[in-house]
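Visitor: Okay, here's the prediction I keep looking at, along with the sequence it came from:
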Amino acid sequence: MANDKDSIILSDVSINGDIVEKEKLVFNGKLNGDINADEVETHANSYIKGNIKAAKTSFGGTLKGNISGDTIRLNKTSDVEGVLNQKNLSIEEGATLKIKTETYK
């Protein structure tokens, strides 16, 4: 559930370029670029060709790129091709993955 400080991008939005958000980004659109935010939440219809850097990422949708951050959660709707670099990783059954993962302390 989004709160007043969440930035929300809906499924009918396409962006060419990078997104920088100081707090939480809820993303369900199409992006050709990178995301840098404190927290990122994507949904099943999202498509990202680029990288995500966030302290906390909850991902559902398609990603052709890398995710870096403390906590990464891949939902069952995830289709990810890239490198994951994280402290904590959780993957729901049903996710489609072609990844390399690197855990740091």
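Guide: Perfect, thanks for sending it.
Visitor: C-alpha only now, for contacts and for neighbours.
Guide: OK.
Visitor: who touches Asp18 in this structure?
Guide: Contact analysis of Asp18 by CA atoms under 8 Å, 6 or more residues apart in numbering lists 32-36.
Visitor: how does it look with 6 Å?
Guide: Counting by CA atoms under 6 Å, 6 or more residues apart in numbering, Asp18 makes contact with 33-35.
Visitor: Let's see which of those residues end up in strands.
Guide: Ile35 (DSSP state E).
Visitor: Check which residues of the strand ranked longest in the chain are buried.
Guide: Taking DSSP E as the criterion, the chain has its longest strand at strand 67-91. Using 16 or more other CA atoms under 10 Å as the burial criterion, the residues of strand 67-91 that qualify are 67-86, 89.
Visitor: Can I get the contacts of Asp18 in a markdown table including distance to Ile19?
Guide: Conversion of those to a markdown table gives the following (distance: CA to CA, whole Å):
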| residue | distance to Ile19 |
| --- | --- |
| Gly33 | 7 |
| Asp34 | 6 |
| Ile35 | 5 |
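Visitor: Make a markdown table out of the contacts of Asp18 and add pLDDT and neighbour count.
Guide: Shown next, in a markdown table, are the contacts of Asp18 (pLDDT from 0 to 100; neighbours: other CA atoms under 10 Å):
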| residue | pLDDT | neighbour count |
| --- | --- | --- |
| Gly33 | 98 | 16 |
| Asp34 | 98 | 20 |
| Ile35 | 98 | 23 |
